[in-house]
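just a sequence and a predicted model for now, questions to come.
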There are 2 protein chains.
Amino acid sequence: YAGRERVEFNVLLKVDCGYHRCGINPDSMNAMRVAEAIAREPDLNFLGILTHAGHAYNAYDVEEIRHIARREQEVMVEFSKRLRDHGIEVETVSIGSTPTMALTESMMKDITEIRPGNYVFYDWTQVKLGSCVIDDCALTVLSSVVGQYEHHTVIDAGATALSKDLGATHITRGDGFGQIYLGYESGDLLDASILSLSQEHGKVRMRSSRKNRTMRPGDLLRILPNHSCLTANLHDHYYVVREGTVVDKWRVRHERSVQ
Amino acid sequence: YAGRERVEFNVLLKVDCGYHRCGINPDSMNAMRVAEAIAREPDLNFLGILTHAGHAYNAYDVEEIRHIARREQEVMVEFSKRLRDHGIEVETVSIGSTPTMALTESMMKDITEIRPGNYVFYDWTQVKLGSCVIDDCALTVLSSVVGQYEHHTVIDAGATALSKDLGATHITRGDGFGQIYLGYESGDLLDASILSLSQEHGKVRMRSSRKNRTMRPGDLLRILPNHSCLTANLHDHYYVVREGTVVDKWRVRHERSVQ
């Protein structure tokens, strides 16, 4: 295609820095061969390398994430040096996952780009991982209480409002499908669990059963989602709130990202 | 509001037929009182009762679903009779969940409406529950292989294409995030599991490791989702396929259902 249309494609080679989802193993024989093949191809423009340290989401503590963050940079800087030693020009050395970027204290000089995504909003998963504190979280879902029963409360936020992401389940088991703010400004959470989600309903249970009765149909609850990326993807607009007042409404997109 | 604007609201009373998510317990003292209060209110028009037997999704076999389906009808017909005996007119007696409606062989004469939703597409969850067979499933996600590794294959369908719904996990544990068709027309499935989903990536593992190598980047895979409702909700268009050919493209909506 490139040849026929005389289009030049810019190419970044994806490197596996330990996540083992995608990308080339930089220590394999293949890694250098593939980079050389791209660099040699006249219609391809070898820009450099990129990686995503997604395994940071599986870490048990901040120290483990810091270790992954250091390796993310080391793997990429070492590989870029080897490529340059082979005469391949490497303009871009791109890294980034929200947990590693949030906990990185210094950037090695050869890193040219970072690509954390979740950090624009953060979420409960990042709080549990230690990437941020609750005050840093900027995306919430406003939901109404639609039913009050003896042992549970029903809200009108279900899987179509929050997504069914359970977060980093190895460290959040039992945390449910989102956290409910008691006071958003104070960052205090209600001692309750969003037990289950069906399509349009959420089932909430207070951990202290007496308090369950304090919620009334019509009450508005502000929910901190487990995964802001998937939650944001379910909505067409963001309501922009400043000091408790809606100051703007932003349209997210005209067409869904997935066609 | 109704009083001031002289608007009459039609009201259906939601009944809990055993799901215990929403609705009034028809055997409680409250049930009759609430119905009477609505019927008495001049601005409210008591239309009747409705229920959703969502607990059918938690059943272990077809017999259990049939039992729930019978109870769903009995509870509603009995309650509608008691309401009528109290002088309350009941026009609508509405039931419906896809598993119960798929397995109901006869409808009691007082049932006036059924509201199954998932049945327009069905999905893997319904297959496992016994509501349908694979041939009945009408919604699939077309995905490309984007990476082929020693122990897994990466596809470009992630949580934004399939949703993170795990289906009826009490009977599908280990089934993963969707099933891959080997032949759509034959209804044969690939002996593979969609192990994990990140935002835009799916990780597939063949159950027989040798076969993993038969997939190549660029190959198109047709995926039967666990939950067609949540999957459909992630897309703007349906491509309508007849005998292997795309014959139409339907726009689902202009605005997202959740604002």
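Sure thing, it's come through.

confirm that residue A:179 sits in a strand.
Yes. Counting by DSSP: H, G, I helix; E, B strand; the rest coil, residue A:179 is part of a strand.

contact partners for it?
Contacts for residue A:179 (C-beta atoms under 8 Å, 6 or more residues apart in numbering or on different chains) come out as A:124, A:189, A:190, A:194, A:223, A:224. From N, CA and C alone the C-beta is placed, and that goes for glycine too.

which two of those have the greatest separation?
Spanning the widest gap among the contacts of residue A:179 are A:124 and A:190, at 13.1 Å by C-beta to C-beta.

now do the helices in the stretch 51-200 of chain A.
Using DSSP state H, counting those that start in this stretch, the helices found in the stretch 51-200 of chain A span residues A:62-85, A:98-103, A:124-129, A:159-162, A:169-172.

worst mean pLDDT among those helices?
Of all the helices of the stretch 51-200 of chain A, helix A:169-172 carries the lowest average pLDDT, namely a mean of 90.

okay, buried residues for it please.
Neighbour-count burial for helix A:169-172 flags A:171, A:172 (criterion: 16 or more other C-beta atoms under 10 Å in any protein chain shown).

chain center to that helix, what's the gap?
Helix A:169-172 has its C-alpha centroid displaced from the chain centroid by 15 Å (C-alpha atoms, centre = their mean, to the nearest Å).

one step back: nearest to chain B, out of the helices of the stretch 51-200 of chain A?
Across the helices of the stretch 51-200 of chain A, chain B has its closest neighbour in helix A:159-162 (5.0 Å, C-beta to the nearest C-beta).

and the closest one, what does it pack onto?
Other helices and strands packing on helix A:159-162, by 3 or more C-beta pairs under 8 Å, 6 or more residues apart in numbering or on different chains; DSSP states H and E, are strand A:141-148, strand A:192-197.

what's the local residue count around the nearest residue to residue A:143 once chain neighbours are set aside?
Leaving aside its chain neighbours, residue A:143 sits nearest to residue A:157 (3.7 Å; criterion: C-beta to C-beta, 6 or more residues apart in numbering or on different chains). Neighbour count of residue A:157, defined by other C-beta atoms under 10 Å in any protein chain shown: 26.

break chain A into its domains for me.
With domains defined by automatic domain parsing, chain A comprises A:2-116, A:134-251.

the first one: how far from the chain's middle?
Pointing back at domain A:2-116 there. On the basis of C-alpha atoms, centre = their mean, domain A:2-116 sits 19 Å off its chain's mean C-alpha point.

ditto for stretch A:131-142
With C-alpha atoms, centre = their mean, you get 12 Å for stretch A:131-142.

any low-confidence regions in the stretch 1-150 of chain A?
For the stretch 1-150 of chain A, the stretches with pLDDT under 70 are A:1-5.

all the strands of chain A, residue numbers only.
A:9-14, A:44-50, A:92-95, A:113-114, A:141-148, A:153-155, A:178-183, A:188-189, A:192-197, A:202-206, A:220-225, A:237-242, A:245-251 (DSSP state E).

can you pull the residues of the stretch 51-200 of chain A lying near chain B?
Taking C-beta under 8 Å from any C-beta of the partner chain as the criterion, the neighbours of chain B within the stretch 51-200 of chain A are A:54, A:146-147, A:149, A:154, A:159-161, A:163-166, A:198-199.

circling back: just the strands of chain A: most buried one?
Across these, averaging neighbours per residue (mean count of other C-beta atoms under 10 Å in any protein chain shown) puts strand A:153-155 on top, at a mean of 25.

now do that strand: which elements does it pack against?
Helices and strands touching strand A:153-155, by 3+ C-beta pairs under 8 Å, 6+ apart, are strand A:141-148, strand A:202-206.

between those, which one is closest to residue A:238.
strand A:141-148 (11.0 Å).

given that closest one, what are its sheet partners and their directions?
Paired neighbours of strand A:141-148 in the sheet (DSSP bridges): strand A:153-155 (antiparallel), strand A:220-225 (antiparallel).

could you give the angle of it to strand A:237-242?
100 degrees (axes from the mean of the first three to the mean of the last three C-alpha atoms, to 10 degrees).

list the contacts of strand A:141-148.
With C-beta under 8 Å, 6+ apart, strand A:141-148 has contacts from A:153-157, A:161-162, A:178, A:201-202, A:212-213, A:215-223, A:225, A:231, A:239, B:22-23.

residue contacts, residue A:20?
A:55, B:149.

which residues touch the spatially most central residue of chain A?
The structure's chain A has its C-alpha centroid closest to residue A:118; by C-alpha atoms, centre = their mean the separation is 3.7 Å. Counting by C-beta under 8 Å, 6+ apart, residue A:118 touches A:98, A:126, A:228, A:229.

how many neighbours does the nearest residue to residue A:96 once chain neighbours are set aside have?
Using C-beta to C-beta, 6+ apart and skipping residues adjacent in sequence, the residue nearest residue A:96 is residue A:115, 3.7 Å away. Using other C-beta under 10 Å, residue A:115 is surrounded by 13 other residues.

distance of residue A:133 relative to residue A:126?
Using C-beta to C-beta, to the nearest Å, residue A:133 is found at 9 Å from residue A:126.

got the buried residues for stretch A:56-75?
Buried residues in stretch A:56-75, counted by 16+ other C-beta under 10 Å: A:56-59, A:64-69, A:72-73, A:75.

contact partners for the closest residue to residue A:77 other than its chain neighbours?
Distance criterion C-beta to C-beta, 6+ apart; nearest residue to residue A:77, sequence neighbours excluded, is residue A:110 at 4.5 Å. Contacts for residue A:110 were tallied using C-beta under 8 Å, 6+ apart; they are A:76, A:77, A:80, A:81, A:93.
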